[in-house]
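Participant: The amino acid sequence is not available; the structure is as follows:
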Ligand SMILES: CC(C)(COP(=O)(O)OP(=O)(O)OC[C@H]1O[C@@H](n2cnc3c(N)ncnc32)[C@H](O)[C@@H]1OP(=O)(O)O)[C@@H](O)C(=O)NCCC(=O)NCCS
């Protein structure tokens, strides 16, 4: 698929969300069943749901990020992060929300993307994403967003949105190239970008299968 395709999403990532939640809860090695590979520049990367085993890897990723990446993702400068906060981040209520990680063969996390259902509107979810600085501009962010949208749609979410800093040219360019229609709205100086995913049509296979 190229970035110009319109109204397309990908279905074949989550076969059975209930199965997946069960495996995650048990820390079952069969979680590999839900893993997908993506390759670019001859590097084999894995994309899979986040798990409680990722605490240390999440912290390592966070501390590796540049000030700009931290600022664009968290709207603040780099701070020490308590382990308790990381634990909350890696323990997801998959029935409602979702988080995916991309990792390299050395098990280093390359990026994280997640969505959290809006507490005032169960049809809508807020998405956020970060890619390790030296892996940006390799198409990984776009793939993560496509997967998240695919999973959200499978789970009945109709609207995906993100709040981004208005000078965050990286995410704005990324979503412009995705092929999904995102509306932009200025809210208290930040931008809310929003896409109606309920009208997307299913298409297989995934771009790197
Ligand atoms: C935004 C972000 C997730 C994009 O991830 P990524 O893996 O670098 O994005 P992609 O490689 O898929 O980029 C897709 C397209 O967007 C555009 N783009 C992305 N980053 C760009 C940059 N720094 N400069 C110019 N164009 C850029 C390009 O057109 C790119 O396609 P191309 O490389 O084929 O030309 C990443 O830059 C990031 O982690 N930023 C910091 C955190 C953040 O801003 N998160 C969003 C708010 S929650």
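Facilitator: That came through, no problem. This is a predicted model, so every value here is computed, not measured.

Participant: All the helices of this structure, residue numbers only.
Facilitator: Secondary structure of the chain (DSSP state H): helices at 17-26, 55-64, 67-74, 83-90, 140-154, 169-178.

Participant: can you list the weak-confidence ranges in the protein?
Facilitator: 1-42, 202-209 (pLDDT under 70).

Participant: and whatever residue of the chain ends up closest to the ligand, how many neighbours?
Facilitator: Of all residues in the chain, residue 141 sits closest to the ligand, at 2.3 Å by C-beta to the nearest ligand atom. All C-beta spots, glycine's among them, are computed from the backbone N, C-alpha and C. Here the count is done by other C-beta atoms under 10 Å, and residue 141 has 22 residues near it.

Participant: and it, what does it touch?
Facilitator: 111, 113, 129, 131, 171, 174 (C-beta atoms under 8 Å, 6 or more residues apart in numbering).

Participant: returning to what we had before: which one of the helices of the chain is the most hemmed in?
Facilitator: Ranked by mean neighbour count, these are led by helix 140-154 with a mean of 22 (mean count of other C-beta atoms under 10 Å).

Participant: how long is stretch 161-177 end to end?
Facilitator: By C-alpha to C-alpha, to the nearest Å, the extent of stretch 161-177 from end to end equals 16 Å.

Participant: For the protein, which residues are neighbours of the ligand?
Facilitator: Within the chain, the residues that sit near the ligand (C-beta under 6 Å from any ligand atom) are 69, 72-73, 128-131, 136-142, 162, 164, 168, 170-171, 173-174, 177.

Participant: quick one: furthest residue from the center of the chain?
Facilitator: Distance from the C-alpha centroid of the chain, by C-alpha atoms, centre = their mean, peaks at residue 188 (24.6 Å).
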